[in-house]
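Asks: Attaching a predicted model along with its sequence, questions to come.
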Amino acid sequence: GAVVSQHPSWVICKSGTSVKIECRSLDFQATTMFWYRQFPKQSLMLMATSNEGSKATYEQGVEKDKFLINHASLTLSTLTVTSAHPEDSSFYICSREAFFGQGTRLTVV
Amino acid sequence: DAKTTQPTSMDCAEGRAANLPCNHSTISGNEYVYWYRQIHSQGPQYIIHGLKNNETNEMASLIITEDRKSSTLILPHATLRDTAVYYCIVRVEFTSNTGKLIFGQGTTLQVKP
């Protein structure tokens, strides 16, 4: 069964609003989790490393104030897309070790 | 950089073996070869990984050349549900505090009836 669970699977939001995506480690405490983004017909791009109890580490070119990551417990990391715009529409995926969540399709209208 | 090279796309007949190649000529001694696949609109699914010996599980077999510069993922009896993008990734083995993966473009495998 799944060891990493994401919620929601899909979300539609209005431009200018914020959206929170949850990533749960179901079978193991995770001090480190990862967030990826995938645009249509492209590969996955790592956005950031989520660290339990400390600040996330962002990849070059990813705005930390726009993509807020919180890893307050050993089983939950959240990604909040703030002031979302249509160009933020994408497939967001989290992972823990070798395992991935099912992804969240974000559409900003 | 992904450090691997894969063909962009491949076709395979249903029921036949699908052999997906991957070149990783700069692989380090402590790096493993991992294979994932991604079916449309889903998260990547782990398939198999290996260091230098050939590996087999219920999903696939992994053949790694003796010099470790290339490998082949084999799906022994491809089905239509195996149509997906297959990613070959080299990295050190996962531990509880690691897991970052650098994805290349992968191979789009189309299984045809």
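Replies: Thanks, I have it.

Asks: Under the pLDDT cut-off, which ranges of the chain? List them.
Replies: Went with chain A since none was named. Counting by pLDDT under 70, chain A contains no low-confidence range.

Asks: oops, I was thinking of chain B
Replies: In the predicted model of chain B, residues B:1-2, B:95-99 satisfy pLDDT under 70.

Asks: what about the residue of it found nearest chain A, neighbour count?
Replies: With CB to the nearest CB as the measure, residue B:43 is the residue of chain B nearest to chain A, at 3.7 Å. Every C-beta, even on glycine, is put in place using the N, C-alpha and C of the backbone. Residues near residue B:43, counting by other CB atoms under 10 Å in any protein chain shown, number 24.

Asks: I'd guessed it sits against residue A:104; true?
Replies: No - counting by CB atoms under 8 Å, residue B:43 stays clear of residue A:104, with 9.5 Å between them.

Asks: who touches both of these two?
Replies: A:6, A:93 (CB atoms under 8 Å, 6 or more residues apart in numbering or on different chains).

Asks: List the neighbouring strands of the helix or strand harbouring residue B:32 plus their orientation.
Replies: Using DSSP states H and E, residue B:32 sits in strand B:31-38. Its sheet considered, strand B:31-38 pairs with strand B:45-50 (antiparallel), strand B:84-92 (antiparallel) by DSSP bridges.

Asks: Please state the backbone phi and psi of the residue of chain B closest to chain A?
Replies: Dihedral pair for residue B:43: phi -70, psi 160, per degrees, to the nearest 10.

Asks: beta partners of the closest residue to it other than its chain neighbours?
Replies: Nearest residue to residue B:43 in three dimensions, chain neighbours excluded: residue A:100, at 3.7 Å (CB to CB, 6 or more residues apart in numbering or on different chains). On the basis of DSSP bridges, residue A:100 takes part in beta bridges with residue A:95.

Asks: hang on, residue A:100 packs against residue B:37?
Replies: No - using CB under 8 Å, residue A:100 is not in contact with residue B:37, being 11.0 Å away.

Asks: Overlap of the contact sets of those two?
Replies: Residues touching both residue A:100 and residue B:37 (CB under 8 Å, 6+ apart): B:44-45.

Asks: Noted, bye for now.
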